[in-house]
Structures are given as structure tokens and as C-alpha cells.
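Engineer: next input, structure requested:
(one chain, ligands or ions: 1)
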Amino acid sequence: MDFPPDLFARIVALRRDLHRRPELGFGEHDTMARISAELTALGLPHRTGVAGTGIVADLPGLSPGPRIALRADTDALPIQEQTGLPFASTVPGVMHACGHDGHSSALVGAAGLLVAAPPPHPVRLIWQPAEELGTGAPAMIEAGVLDGVDAIFGGHLDRTFEPGTLVVTDGPVNASTDTFHVELIGRQGHGARPHETIDAIVIGSLVVNALQTVVSRHVDPAQAAVVTVGRFDAGTAPNVIAGKAILEGTIRAQRPDVRARLKDSVRRVVQTVGALHGARAEFQMIDGTPPLVNPPFHTALAREAAVEVVGAEHVAVLRTANMGGEDFAWYLERVPGAYIRFGGMTPGENAPAHSGRFDFHEDALAYAARWYDRIARMGARLG
Ligand code: NI
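Structural biologist: Numbering: from 1, shown residues only. Now for the predicted structure:
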């Protein structure tokens, strides 16, 4: 693929700089400054400090018309890097282990292409903080980044596809991520006198087991769903019956109706199984990101742009459900658009995202930047 070599060198250098100095959600101050310096060098006016550490750049386009927004995320993860790369993280316990350094750099690449050859209609570029917290996108929406936006597009690196492959999928591509927190209150007592107690460990165990029936019996088996209890904390000594248990878990779904069903079922099962044995359940649901569902029309546009960049033979679809979350879903709740994947397979180990050995192929940056540039030129199609 043809890509300006100077610009490619710039975005690779930027990616490596960001990688060396990763910052956690809403703390992306150096990251923001570094990206801002690149945009200034390109002569692209922009605002920094949006929702704290976000950046927004508006390109007016050659004439007024529908406005397309492109979004990248900028934050890192609390993970110790173990890649041994020459540009590995210099911050102990913090690493770009999800490729957001790449997303940020690819969007700067797109900015370079769009400045060199202005798009027909207005385009907004968004660098968003705190995707990993799931709260960056809503903060940016609150700050008004979707005002006047007709469609929004974004993407994520994916180590399971070769660089030069773009993965465009209709319908669900990421799951909702809700968290539940339960405090089961029983009655503490002597380990030899269970009849005087309400055993929070036994009841908690029954709750965990009963929750396994939510997905198997309450959800259409053709729909993807997960209920995981990831934390069960109770008891103080071998001969003391626990009076309290803490259970925490995550609920994943790919469709809003399945999500609502799961949340409802989990709450009911916890409360009734607790009550069945005389325990009180204090139940708290913490809403996370919605499911990310690509609508057909905008997905078709995204695919068309992908075909222009890599050719139809290198445009793939996701074959299996991804039950991870992605806070881009918040944007798609407000305006239509699509979220794709950029093949980033490395010749090496290809460790998974969110691991200390994660890396991606830097050629992916050029393909991602080209795709952003192509989709940015499709404003007229939204009219
Ligand atoms: Ni990510």
C-alpha cells in the first residue's frame, strides 16, 4: 500500500514515544501534549484538555455537509511490561498493553493525510482518555464532542489478523460489561453449632451455583452471554461460621435485550436464594459499557472504505463473539457509525492484549490511518 514514508516514520516514532511513557486513564497528560505537538506540526488547529486529557481537532472540509467523527483512545493499563522491546515502557507497572498507543498514532497519520488533501465535508478527530475505565467516552460525550456529528467511526488493533487485513463486522462486535456487588448478611457463630447461625459461606456457595443457571436457563441459547463470579470473600477462622460474604462478578451480553434479562435474573437469583436460607442480600449493580452493535448501513460504508484500502480479499469479518467491552459503544448509542479491527499480527509470539508481552505489527498503523482517511471522505453518503 502506498503511504507517505515521512508520515509513516513520524507515526511510528510517535507510537514508540507513547509506548515508552504510558499513562493511565484520565492521567494522559504527556500523551496529550505529545499528540498535540504532532497536530501543531501538521498545522491542524485543535483543543486539548477536553474531558481532562482528551483532544478534539475539527477539519472544516471543502464545503459544509454531514460531519464524520473519527475516534482513537489514548490510555494504558496497570500492567508490568515484559516485551524487552527497545521502546518498552519506562514506567513501572504501567504499559500500553492494548495498542492504544497505536490507535492514537494511526489517527495522527489520518490527520496528516487529511491535512494534505482536505476531505469534501467536515471531519472531527477525537483522541479520548480512559477507554480502559469505560468512562472516557461518556466524559467526552458530556463535553460535547458529538455535537453536530452525523456519524462516528473507530477501530482496534487485533493480533489474530495479519497487518493489511481490515475486519469489518455487521451487528454485535463487543459485549456490555456490567458489574454486580453483593453483600450477603447472615449470622456469625460457633463452627460446631450451625443451628444458631446463618452460614454466609454455604448460602454464598448456593448463590454462585444458582447463578450458573442464569445463562443456561434464562437466555436464548443462540445468544452469547456470560455471568462470572470473580470474587467470593468470606470467613475469618476454620471454627467460625461466617456471618457475611462478599460476592462480585461481571455480566456480559451482546444485545440490549439479553443484557436487560441477565441483569434482572442475576438480581432475582441472588436475592431469593439468600432469602431462602434467611440471609439478607444487599445487591448493587454498577452499569458498564453498553454492547457495541454495528448498524448495517454504516458498516457497509466502513467496508467500502476498507475495500478501497486493502482490496476485498483482505477485508475479513469476526467469526466468533467477542465478550470483551469497548467504550466506543457509548458513542454508537448516540450517533450511528461502525467499529472495525486493524490486523496487527506480529511474526513473534503474538501475546494477547492485556498481557505484559503484548505487541503489534507497526505496518498496521499505515492501514489504519488510510482507512480513517477513506471513511472521513464519505460524508456525502450520509446526506
Ligand atoms: Ni483496547
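Engineer: residues contacting residue 61?
Structural biologist: The contact partners of residue 61, taken as C-beta atoms under 8 Å, 6 or more residues apart in numbering, are 118, 119, 120, 121, 122, 123, 379. Just so you know, the C-beta spots here come from the backbone N, C-alpha and C atoms, and that holds for glycine as well.
Engineer: so where do the helices sit in the stretch 251-383 of the chain?
Structural biologist: Assigned by DSSP state H, counting those that start in this stretch, the stretch 251-383 of the chain shows helices spanning 256-276, 296-310, 329-334, 363-376.
Engineer: can you check the stretch 1-150 of the chain too?
Structural biologist: For the stretch 1-150 of the chain, the helices defined by DSSP H, counting those that start in this stretch occupy 5-20, 29-41, 100-116, 136-142.
Engineer: what helices or strands is the third one leaning on?
Structural biologist: Pointing back at helix 100-116 there. Applying 3 or more C-beta pairs under 8 Å, 6 or more residues apart in numbering; DSSP states H and E, one finds that helix 100-116 contacts helix 5-20, helix 29-41, strand 54-59, strand 68-73, strand 123-128, strand 151-158, helix 363-376.
Engineer: for the first one, same thing?
Structural biologist: Using 3+ C-beta pairs under 8 Å, 6+ apart, the elements in contact with helix 5-20 are helix 29-41, helix 100-116, helix 363-376.
Engineer: nearest to residue 287, out of those helices?
Structural biologist: With respect to residue 287, and counting by C-beta to C-beta, the nearest of these is helix 100-116 at 23.0 Å.
Engineer: and that closest one, what's buried?
Structural biologist: Within helix 100-116, the residues that count as buried by 16 or more other C-beta atoms under 10 Å are 100-114.
Engineer: so what's residue 18 up against?
Structural biologist: Listed by C-beta under 8 Å, 6+ apart, the contact set of residue 18 reads 31, 34, 35, 74, 96, 101, 104, 105.
Engineer: okay, those residues in CSV with distance to residue 246 and pLDDT next?
Structural biologist: Output for the contacts of residue 18, formatted as CSV (distance: C-beta to C-beta, whole Å; pLDDT from 0 to 100):
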residue, distance to residue 246, pLDDT
31, 35, 98
34, 41, 98
35, 41, 98
74, 34, 98
96, 32, 98
101, 36, 98
104, 37, 98
105, 41, 98
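Engineer: and those residues, which two are furthest apart?
Structural biologist: Greatest spacing in these, by C-beta to C-beta: 35 and 96 (13.5 Å).
Engineer: which strands and helices sit next to the one helix or strand residue 201 maps to?
Structural biologist: Assigned by DSSP states H and E, residue 201 falls within helix 200-218. For helix 200-218, the contact count by 3+ C-beta pairs under 8 Å, 6+ apart identifies strand 176-185, strand 225-234, strand 244-253, helix 256-276 as packing neighbours.
Engineer: the third one - what's its average pLDDT?
Structural biologist: In this case it means strand 244-253. Mean pLDDT, strand 244-253: 97.
Engineer: buried ones in that strand?
Structural biologist: Buried, per 16+ other C-beta under 10 Å, within strand 244-253: 244, 245, 247, 248, 249, 250, 251, 252, 253.
Engineer: the last one now?
Structural biologist: Using 16+ other C-beta under 10 Å as the burial criterion, the residues of helix 256-276 that qualify are 258-259, 261-263, 265-267, 269-271, 273-274.
Engineer: contacts for stretch 232-246?
Structural biologist: Against stretch 232-246 from outside (C-beta under 8 Å, 6+ apart): 181-192, 194, 197-201, 203-204, 208, 231, 247.
Engineer: sorry, that was for stretch 344-356
Structural biologist: Contact with stretch 344-356 is made by 77, 79-83, 95, 97-99, 102, 157-163, 357-361, 364, as judged by C-beta under 8 Å, 6+ apart.
Engineer: repeat the analysis, applying 10 Å as the threshold.
Structural biologist: With contacts defined as C-beta atoms under 10 Å, 6 or more residues apart in numbering, stretch 344-356 is touched by 77, 79-83, 88-89, 95, 97-100, 102, 132, 156-165, 324, 357-365, 367-368.
Engineer: among those residues, name the buried ones.
Structural biologist: So, by 16+ other C-beta under 10 Å, the buried ones in the contacts of stretch 344-356 are 77, 79, 81, 83, 88-89, 95, 97-100, 102, 132, 156-165, 324, 357-365, 367-368.
Engineer: quick check: closest non-adjacent residue to residue 267.
Structural biologist: Spatial nearest neighbour of residue 267, excluding adjacent residues (C-beta to C-beta, 6 or more residues apart in numbering): residue 283 at 5.6 Å.
Engineer: so what's the one you found up against?
Structural biologist: 180, 181, 182, 183, 184, 247, 266, 267, 268, 270, 271, 274.
Engineer: same check on residue 338?
Structural biologist: Residues in contact with residue 338 (C-beta under 10 Å, 6+ apart) are 151-155, 168-170, 173, 292-303, 305, 328, 332, 375.
Engineer: residue 382: how many residues sit nearby?
Structural biologist: 16 (other C-beta atoms under 10 Å).
Engineer: let me fix that, I meant to ask about residue 231.
Structural biologist: 12.
Engineer: and it, bridged to which residues?
Structural biologist: With DSSP bridges applied, residue 231 shows beta-bridge pairing to residue 248.
Engineer: do the one 10 residues further on as well
Structural biologist: Beta-bridge partners recorded for residue 241 (DSSP bridges): residue 189.
Engineer: that one: neighbouring residues, count only.
Structural biologist: As a burial measure, residue 241 scores 24 neighbours (other C-beta under 10 Å).
Engineer: any idea how far it lies from residue 203?
Structural biologist: Distance of residue 241 to residue 203, computed by C-beta to C-beta, to the nearest Å: 11 Å.
Engineer: could you tell me which residues touch both of those two?
Structural biologist: Common neighbours of residue 241 and residue 203, using C-beta under 10 Å, 6+ apart, are 186, 234.
Engineer: please name the nearest non-neighbouring residue to residue 38.
Structural biologist: residue 108 (4.9 Å).
Engineer: how near is the one you found to residue 134?
Structural biologist: 24 Å.
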